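**Q** What follows is a predicted protein model with its sequence.
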Amino acid sequence: MSTAYHPWGRVDADGTVYVRTADGERVIGSWQAGSPEEAIAFYQRKYEALETEVVLLEQRISATDMAPAQAAATVQRLIASLSDANALGDLDGLRVRLERLTEDVGQRREEAKAAREQARVQAKQIKEGIVAEAEQIAAEATHWKSSGERMRELLEEWKAAPHADRAAEALLWKRLSAARNAFTKRRKAFFATLEAEREDVRARKESLCAEAEALSGSADWGPTTSAFRELMRKWKDAGRADREAETELWKRFRAAQDKFFTARAEVFSAKDAALREHAEAKQQLLDQAQALLPVTDNRAARSALRGIQERWEQIGAVPRDSREHLESGLRRVEEAVRKAEETQWRRSNPEALARAEGTVAQLRTTIAQLEDRLAKARELGDTRAVHNAEEALTARRAWLEEAEHTLAEFSSLPQGGRPPWNPPHARCGTYRSTTRSGGRRPPRPGGLAGHAGDVVDAVDGANGAQHVAEVLGIAHLEREAADRHPVPAGRHRGGQDVDVLVGQHPGHVGEQPGPVERLHLDGDQEHRALGRGPVDLDHPLALGLA
């Protein structure tokens, strides 16, 4: 047989196969079946098989989560096999690669150890949280159903959690077991107490049912209704018995209530029917009363209303939902009749008629005096005095026309007596001040000069709240001038004027201190009064302004 050579070995002439390593040549076999080339190829294939194992191991270690212990065992097995491997190749190179894998596996082992330690720490934290929640539930929980379900969930979480350090986990498990036992004891103690309380509630509610059944046949509707209301309050305050007893007792209590209130409703329904008939009768009377409006004949309206009121009282009560409508409707009719009588009384007051006549007489006297003064001024040729006197006469004649018109109205009214009731309390006299622009101004010191007096209401001190009519036409006459000059010169004497209120509607006036002897007016104010008359009969006719 010939000799054959390979980079990592040779085949001798007698068929012996050698492999070359760092330690020298080593016999790996004897080849007698063929040529030396075939022997080299055969042993080279064995090397390739070893190399394939090493490559696969490298890939598994680098690309997968192969356990470090398993990887170390595989590496040591392959290293041991290289010592007597019957393979032709770079066995030293494979050894170097396997030794490098040993270092990698050692590093992986340290990393795995650190990961396991971290997992144990996390597992301990998770289980400590589970134990802490369980202990809180055991100490504080009062919602037993939901708390019991949560305890079961915590136990399942404990089982699913990773294992911690053995000693720490054993201690945590003892705490969890103690918390579960404490919760169970508290729940049993609570329900034992609750059972005793429910038995006491059941006894009290049986007593309430007995009372309700005793009252169910009563016909004393008011007190019995209050008694049932009190029983219901006690029922709610008593608490709850066990479910079965609670249901049975409530049926008894409700049946007693229904029996009483059904009988009460039947009686009240009959009463309501009678009250509805009363309401219909009162509605007819209300229609008759409303037909009296507007009032044209006070005496007839009062007589008819009095009859309606008597029949109204005889009819009696009405349903609550109709009461306000009917009563308010009749009150409106009574108020309208009262106001009509009051208005008639005010307009027919003889005192107001006398004051109106006095006002007309005063104005006529003043006009006569002004005519005399006008004639004297013309004789003297005093142009200014003539002009002022003419303006004063024009103003007084306008006032006289309004006063005579008001007196005519008084004279045309029938003279009636007082109304059958007392009118509302009179208010003290109120005056309105009129300025040149038609607005208001404060009163001057020392009197009422320069103000239009609109007397609204007054009280007769001698007769109490005596109701007297307001003078129609002339409400108030202010004081005459201090110097008695008929037409004071200049505008600085405006405080000596007279304001007259000409009105269509009556009011209330009090006693006047005495008749006004003379009326005076500034010349410029007379001119202004002629240029601006009252828009309405109720507006003040400002005859003297400051």
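**A** Yep, it's here.
**Q** from here on, contacts and neighbour counts on C-alpha atoms
**A** OK.
**Q** Residue 13 is in contact with residue 39, correct?
**A** No - shown here, residue 39 and residue 13 do not form a contact pair, counting by Cα atoms under 8 Å, at 11.9 Å.
**Q** any idea of the mean pLDDT in stretch 244-256?
**A** When pLDDT is averaged over stretch 244-256, the result is 90.
**Q** Show me how far it is from its chain's centre.
**A** Put simply, stretch 244-256 sits 39 Å off its chain's centre (Cα atoms, centre = their mean, to the nearest Å).
**Q** Contacts made by that stretch with the rest, please.
**A** 202, 205, 206, 208, 209, 212, 213, 215, 216, 240 (Cα atoms under 8 Å, 6 or more residues apart in numbering).
**Q** Next, format those residues as CSV and append distance to residue 57, secondary structure and neighbour count.
**A** Shown next, in CSV, are the contacts of stretch 244-256 (distance: Cα to Cα, whole Å; DSSP: H, G, I helix; E, B strand; the rest coil; neighbours: other Cα atoms under 10 Å):
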residue, distance to residue 57, secondary structure, neighbour count
202, 80, helix, 20
205, 84, helix, 25
206, 86, helix, 19
208, 88, helix, 21
209, 88, helix, 22
212, 92, helix, 24
213, 93, helix, 19
215, 97, helix, 19
216, 96, coil, 20
240, 75, coil, 18
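**Q** Just the buried residues of the helix or strand hosting residue 314, please?
**A** Per DSSP states H and E, residue 314 falls inside helix 298-315. Residues 298, 301, 302, 305, 308, 309, 312 are the ones in helix 298-315 that count as buried (16 or more other Cα atoms under 10 Å).
**Q** Let me know the average pLDDT across that helix.
**A** On average, the pLDDT along helix 298-315 is 91.
**Q** next SSE after it?
**A** Downstream of helix 298-315, the first helix or strand assigned by DSSP H and E is helix 320-347.
**Q** What are the structural domain limits within the protein?
**A** Residue ranges for each domain of the chain read 1-164, 177-346, 348-541, as given by automatic domain parsing.
**Q** Angles on the backbone of residue 85, please.
**A** With angles defined as degrees, to the nearest 10, residue 85 sits at phi -70, psi 130.
**Q** just the strands in this protein please.
**A** With strands called from DSSP state E, the chain shows them at 4-6, 9-11, 16-21, 24-30, 500-501, 540-541.
**Q** got JSON lines for those, with distance to residue 56 too?
**A** Formatted as JSON lines, the strands of the chain follow (distance: least, Cα to Cα, whole Å):
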{"stretch": "strand 4-6", "distance to residue 56": "26"}
{"stretch": "strand 9-11", "distance to residue 56": "25"}
{"stretch": "strand 16-21", "distance to residue 56": "23"}
{"stretch": "strand 24-30", "distance to residue 56": "25"}
{"stretch": "strand 500-501", "distance to residue 56": "128"}
{"stretch": "strand 540-541", "distance to residue 56": "125"}
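**Q** Let's have the ones you listed in TSV, adding mean neighbour count, distance to residue 225 and mean pLDDT.
**A** Shown next, in TSV, are the strands of the chain (neighbours: other Cα atoms under 10 Å; distance: least, Cα to Cα, whole Å; pLDDT from 0 to 100):
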stretch	mean neighbour count	distance to residue 225	mean pLDDT
strand 4-6	16	123	75
strand 9-11	24	122	84
strand 16-21	22	118	85
strand 24-30	14	119	85
strand 500-501	26	66	38
strand 540-541	25	66	40
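**Q** Between those, which one is closest to residue 163.
**A** Closest to residue 163 of those, according to Cα to Cα: strand 16-21, at 49.6 Å.
**Q** Output the contacting helices and strands for that closest one.
**A** Applying 3 or more Cα pairs under 8 Å, 6 or more residues apart in numbering; DSSP states H and E, one finds that strand 16-21 makes contact with strand 9-11, strand 24-30.
**Q** Let me have those in JSON lines, adding distance to residue 347 as columns.
**A** Formatted as JSON lines, the helices and strands packed on strand 16-21 follow (distance: least, Cα to Cα, whole Å):
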{"stretch": "strand 9-11", "distance to residue 347": "156"}
{"stretch": "strand 24-30", "distance to residue 347": "156"}
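**Q** Determine which of those approaches residue 43 most closely.
**A** Nearest to residue 43 among the helices and strands packed on strand 16-21 is strand 24-30; the distance by Cα to Cα comes to 8.5 Å.
**Q** next one: stretch 251-267 to chain centre, how far?
**A** Per Cα atoms, centre = their mean, the centroid offset for stretch 251-267 relative to its chain is 38 Å.
**Q** quick one: buried residues of that stretch?
**A** 252, 253, 256, 257, 259, 260, 261, 263, 264.
**Q** Distance to residue 195 added to the residues you listed, as CSV?
**A** What follows is the buried residues of stretch 251-267, written out as CSV (distance: Cα to Cα, whole Å):
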residue, distance to residue 195
252, 22
253, 22
256, 27
257, 28
259, 32
260, 33
261, 34
263, 38
264, 39
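**Q** Which of the residues you listed sits closest to residue 404?
**A** Closest to residue 404, out of all of the buried residues of stretch 251-267 and judged by Cα to Cα, is residue 264, at 72.5 Å.
**Q** How much space separates the nearest residue to that closest one once chain neighbours are set aside from residue 230?
**A** What sits nearest to residue 264 in space, not counting adjacent residues and going by Cα to Cα, 6 or more residues apart in numbering, is residue 221, at 6.7 Å. According to Cα to Cα, to the nearest Å, residue 221 and residue 230 sit 14 Å apart.
**Q** Same question for residue 215.
**A** Distance from residue 215 to residue 230, by Cα to Cα: 12 Å.
**Q** In the stretch 51-200 of the chain, where is pLDDT below threshold?
**A** The stretch 51-200 of the chain contains no residues with pLDDT under 70.
**Q** The stretch 251-400 of the chain now?
**A** Residues of the stretch 251-400 of the chain meeting the criterion pLDDT under 70: none.
**Q** switch to 80 and redo it
**A** 345-353 (pLDDT under 80).
**Q** Contact partners for the residue nearest to residue 288 when sequence neighbours are not counted?
**A** Excluding the flanking residues, the one nearest residue 288 by Cα to Cα, 6+ apart is residue 308, at 8.0 Å. Listed by Cα under 8 Å, 6+ apart, the contact partners of residue 308 are 285, 288, 289.
**Q** Which residue ranges of this protein form helices?
**A** Assignment of helices within the chain using DSSP state H yields the ranges 36-63, 68-83, 91-140, 144-160, 166-215, 221-238, 243-290, 298-315, 320-347, 350-380, 383-412, 523-531.
**Q** With distance to residue 7 as extra columns, can I get these in CSV?
**A** Listed next are these as CSV, based on distance: least, Cα to Cα, whole Å:
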stretch, distance to residue 7
helix 36-63, 10
helix 68-83, 18
helix 91-140, 12
helix 144-160, 60
helix 166-215, 58
helix 221-238, 106
helix 243-290, 98
helix 298-315, 141
helix 320-347, 125
helix 350-380, 157
helix 383-412, 155
helix 523-531, 147
